[in-house]
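Undergrad: following is a predicted model, sequence given first.
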2 protein chains.
Amino acid sequence: MASPFLVLDWGTTNLRAWVVGEDGRVGGREEFPMGIGRLAAGEAARLFEEKVRPRMGAEALPALACGMIGSNLGWGTPVPYLDCPAGMTQLHDSLCTVSDGGAPVRIVPGLHCERPDGGPDVMRGEETHIFGWAAGDPARLQGEHLICLPGTHAKWVRLVDGRVEQFVTYMTGELFDVLRRHSVLRGTDTPDNDDAFDEGCEAAGDGGALASRLFTARSRVAAGQMPADRASSYLSGLLIGAEIASAPTLLGVAPETPVAIVGDPRLGQRYVRSMTRRGWTATAHDGDEAVLAGLVALANGGLA
Amino acid sequence: MASPFLVLDWGTTNLRAWVVGEDGRVGGREEFPMGIGRLAAGEAARLFEEKVRPRMGAEALPALACGMIGSNLGWGTPVPYLDCPAGMTQLHDSLCTVSDGGAPVRIVPGLHCERPDGGPDVMRGEETHIFGWAAGDPARLQGEHLICLPGTHAKWVRLVDGRVEQFVTYMTGELFDVLRRHSVLRGTDTPDNDDAFDEGCEAAGDGGALASRLFTARSRVAAGQMPADRASSYLSGLLIGAEIASAPTLLGVAPETPVAIVGDPRLGQRYVRSMTRRGWTATAHDGDEAVLAGLVALANGGLA
């Protein structure tokens, strides 16, 4: 679609919207507490027309959305997953029109793959981050890259010649959250402690026996070997360390493969720190910029 | 101490008490909702005298307790851990007298060890189960045995010639609980499904990349490959399978070592089923009988 248009990253918790002007420049950006986890069934389309379009001054603009809005709990009819391997062209060709009134609304499909260890894996929204990141430099569309999108459900992705070949999800962020809130490892949030984080990474070993290693966040305190206010950083290091130790192996990626961490810059720096300690060459990239670039590229017809 | 006496398994949630009569026979058994997790600081000793002793008709009897009552949140002064390797004799010699009024109260110390993968591990209460189980047959006090005590914080223990050499804790039960209650894997309890449990065990592979494999309990449903009402049994199989796949290796136990599962009989059968499928020779033993036997043996002065 030609600009101007409206693009949306519509996840479980929030909806972020940008208007892209006639000149291709990004105009307004707004965030709405309207993630699909907060909406009643069937409410998304109505709220979009009543709240989002007017606030963005985008009543008549074509819109493109990525994220959990494409799930069965989102707009209405679920948008089918696109099977891997898949590149930007396939993704663009699979955009799903969910409202074709005067101002059409399209949704980016998620991706589905068979995991290297068997069974399916899925993503919704991260595909747009990935291709947005890749669109930032022609070199990223050639050869093999390992991409990590850290967060609640972290994704590790093998991108080969611009196509997503395979990926695996890690529940790292969610495990940290539920363990700190609801388990014997619960406790108040404490300032990040780099030493304790590094100790946790170290204690993760090869990433195996995680359900056992987690208990050391408790036993080190009980045995008087770690102050209680370091347990949070240690646990974070343990979970991220176990992820980094196992994900590249699970995906069969060679140690010389360049690694891109795409997401929250602060969290990205923790991943870079841990990967560097394990001998990888990793760089951090802003996730907001990536998803916007991906949405704009898809709205403009895919990568050139 | 000579019988009669009062013995207690005093954990985080409940307190179970038995009176052992002059003839050595077990008389009354009662359960109290007085686990230390439910008590205010300093309340344990008073409630024991006011509620437990009168109800058991044991006002004047010497008492012996094991479990979390020995922790810093228990009776008052924490009972120090006994270092491994440790046998029944060392445990008996380390009983801690916490009240020496007319009717003394003693507490069994927990155990501490250095884990094979570094860092400490600890237990409180399970040591009494272990030695109680071992007391049931002279053959268990000779050679090497692998003992698993499944539950919230499952313990895997290497017992050699009647001494606990080393052990590791797995947060299997607690992970299942917090994930089913508070994460994207949450859902209502569904009847146990053996096929889904076996599928989960299989999907656990070598026990590595657990934070990633957990997500398959979600992605299999999202991809239409598993009905939602099987996710609970599948998740249980995944967690128990990952534990069984890694614990013996972590402890350096040879495949021909006999395995005893000591705990809740129903859960024990699931572990036996999974271990048998992986080629181990495992038998299930009742945990209640084991802890009572351990308490009685300790009260009587250790094993003969």
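TA: That came through, no problem.

Undergrad: and the gap between the closest residue to A:Asp189 other than its chain neighbours and chain B?
TA: Nearest residue to A:Asp189, sequence neighbours excluded (C-beta to C-beta, 6 or more residues apart in numbering or on different chains): A:Ser232, at 6.4 Å. For glycine as for every other residue, the C-beta is placed from the backbone atoms N, C-alpha and C. Going from A:Ser232 to chain B by C-beta to the nearest C-beta, to the nearest Å gives 16 Å.

Undergrad: neighbours of A:Ser232, just the number please.
TA: For A:Ser232, the neighbour count with other C-beta atoms under 10 Å in any protein chain shown is 25.

Undergrad: Three-state assignment for it, please.
TA: Using DSSP: H, G, I helix; E, B strand; the rest coil, the structure places A:Ser232 in helix.

Undergrad: for chain B, what are the nearby residues on the stretch 201-304 of chain A?
TA: Residues of the stretch 201-304 of chain A lying close to chain B (C-beta under 8 Å from any C-beta of the partner chain) are A:203, A:205-216, A:219-220, A:222-223, A:225, A:239, A:242-243, A:246-247, A:250.

Undergrad: return a ChimeraX selection command for the buried portion of the residues you listed.
TA: Applying 16 or more other C-beta atoms under 10 Å in any protein chain shown to these, the buried members can be selected in ChimeraX as follows:
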select /A:203,205,207,208,209,210,211,212,213,214,215,216,219,220,222,223,239,242,243,246,247,250
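
Undergrad: quick one: end-to-end length of stretch A:70-90, please.
TA: 17 Å (C-alpha to C-alpha, to the nearest Å).

Undergrad: residues of that stretch that come out buried?
TA: Applying 16+ other C-beta under 10 Å to stretch A:70-90 flags A:70-71, A:74-75, A:78-79, A:81-82, A:84-88, A:90 as buried.

Undergrad: ditto for stretch A:277-292
TA: A:280, A:282, A:284-285, A:287-288, A:290-292.

Undergrad: over to stretch A:112-125?
TA: A:112-113, A:115-117, A:119-125.

Undergrad: within reach of chain B, which of these are there?
TA: Within the buried residues of stretch A:112-125, those near chain B by C-beta under 8 Å from any C-beta are A:112, A:115, A:117, A:119-122.

Undergrad: closest to B:Glu144 out of those?
TA: Nearest to B:Glu144 out of these is A:Asp117 (C-beta to C-beta; 31.8 Å).

Undergrad: over to that closest one. Which of the three states is it?
TA: coil.

Undergrad: picking that back up, A:Asp177: which of the buried residues of stretch A:70-90 is nearest?
TA: A:Ser71 (20.5 Å).

Undergrad: for the stretch 101-250 of chain A, what spans make up the helices?
TA: Along the stretch 101-250 of chain A, the segments classed as helices by DSSP state H, counting those that start in this stretch run A:126-134, A:172-182, A:194-203, A:210-213, A:216-222, A:231-250.

Undergrad: out of the ones you listed, which gets nearest to B:Ala139?
TA: Smallest distance to B:Ala139 across the helices of the stretch 101-250 of chain A (C-beta to C-beta): 28.3 Å, for helix A:210-213.

Undergrad: distance from the chain centre to the closest one, please.
TA: 25 Å (C-alpha atoms, centre = their mean, to the nearest Å).

Undergrad: now do it, average pLDDT.
TA: Summarised as a single mean, pLDDT over helix A:210-213 is 98.

Undergrad: just the C-alphas of it, formatted as PDB.
TA: Taking C-alpha atoms only, helix A:210-213 is exported to PDB below (Å, rounded to 0.1, in the frame of the first residue of the first chain):
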ATOM      1  CA  LEU A 210      17.600 -26.600  34.800                       C
ATOM      2  CA  ALA A 211      14.900 -27.600  37.300                       C
ATOM      3  CA  SER A 212      17.700 -28.600  39.600                       C
ATOM      4  CA  ARG A 213      20.000 -25.700  39.100                       C
END
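
Undergrad: contact partners of that helix?
TA: The contact list for helix A:210-213 (C-beta atoms under 8 Å, 6 or more residues apart in numbering or on different chains) reads A:203-205, A:238-239, A:242, B:117, B:168-172, B:175, B:210-211, B:239, B:242-243, B:246-247, B:250.

Undergrad: cool, stretch A:257-273 as well?
TA: So stretch A:257-273 is in contact with A:129-130, A:133, A:140, A:144-151, A:197, A:236, A:240, A:244, A:248, A:275, A:280-287, A:290, going by C-beta under 8 Å, 6+ apart.

Undergrad: may I have it exported as PDB, CA atoms only?
TA: C-alpha atoms of stretch A:257-273 as PDB (Å, rounded to 0.1, in the frame of the first residue of the first chain):
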ATOM      1  CA  THR A 257      27.900 -17.500  13.300                       C
ATOM      2  CA  PRO A 258      27.200 -13.800  14.000                       C
ATOM      3  CA  VAL A 259      24.600 -13.300  16.700                       C
ATOM      4  CA  ALA A 260      22.100 -10.400  16.800                       C
ATOM      5  CA  ILE A 261      20.100  -9.700  20.000                       C
ATOM      6  CA  VAL A 262      17.000  -7.700  19.000                       C
ATOM      7  CA  GLY A 263      14.900  -6.300  21.700                       C
ATOM      8  CA  ASP A 264      14.900  -4.100  24.800                       C
ATOM      9  CA  PRO A 265      18.300  -2.500  24.900                       C
ATOM     10  CA  ARG A 266      19.000  -3.000  28.600                       C
ATOM     11  CA  LEU A 267      18.100  -6.700  28.400                       C
ATOM     12  CA  GLY A 268      20.000  -6.900  25.100                       C
ATOM     13  CA  GLN A 269      23.200  -5.800  26.900                       C
ATOM     14  CA  ARG A 270      22.800  -8.600  29.400                       C
ATOM     15  CA  TYR A 271      22.600 -11.200  26.600                       C
ATOM     16  CA  VAL A 272      25.500  -9.700  24.800                       C
ATOM     17  CA  ARG A 273      27.600  -9.800  28.000                       C
END
